[in-house]
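Student: Below: sequence and its predicted model.
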Amino acid sequence: MATLLNAVTEDTTGSGAAMTGPCTVWVSGSAGGGTVEIQAAPSDTAGKYVPMGRITQIQHPRPINVEAYGSYYVRAVLRGSTSPSLTVETTQ
């Protein structure tokens, strides 16, 4: 398990977490009216992260399945929020 965002209270970009194969991203808490975007990259390099699949932006708590194979990095970005209290974690 990796924590991408931990009880964040303002817009932020989380650190990348190394994954190998598919994973589930769990979004819990409140996005404070903002949007959580799940991004992935082949290396933990800021300019390489791109949105993950068709359903990458959410506003309400729920799990998202990431269907990526091989080794990669995943991170979460919270944008446009007011008074959020949000945690984003992964499981494999």
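Tutor: Structure's in. What do you need?
Student: From Thr91, how far out is Pro22?
Tutor: Distance, Pro22 to Thr91, by Cβ to Cβ, to the nearest Å: 10 Å. In this view, the C-beta of every residue, glycine as well, is placed from N, C-alpha and C.
Student: same thing with Ser43?
Tutor: For Ser43, the distance to Thr91 - Cβ to Cβ - is 22 Å.
Student: hey, what's the spatially most central residue of the chain bridged with?
Tutor: Closest residue to the average C-alpha location of the chain: Ala76 at 2.6 Å, with Cα atoms, centre = their mean. Assessed by DSSP bridges, Ala76 has beta-bridge partners Ile38.
Student: wait, what's in contact with it?
Tutor: 4-5, 13-14, 25, 27, 36-39, 88 (Cβ atoms under 8 Å, 6 or more residues apart in numbering).
Student: nearest to Thr82, of the residues you listed?
Tutor: Val36 (14.2 Å; Cβ to Cβ).
Student: What strands flank the worst-scoring helix or strand of the chain on mean pLDDT, and is each parallel or antiparallel?
Tutor: Lowest on mean pLDDT, DSSP states H and E among the helices and strands of the chain sits strand 57-58, with a mean of 76. Sheet partners assigned to strand 57-58 using DSSP bridges are listed as strand 35-41 (antiparallel).
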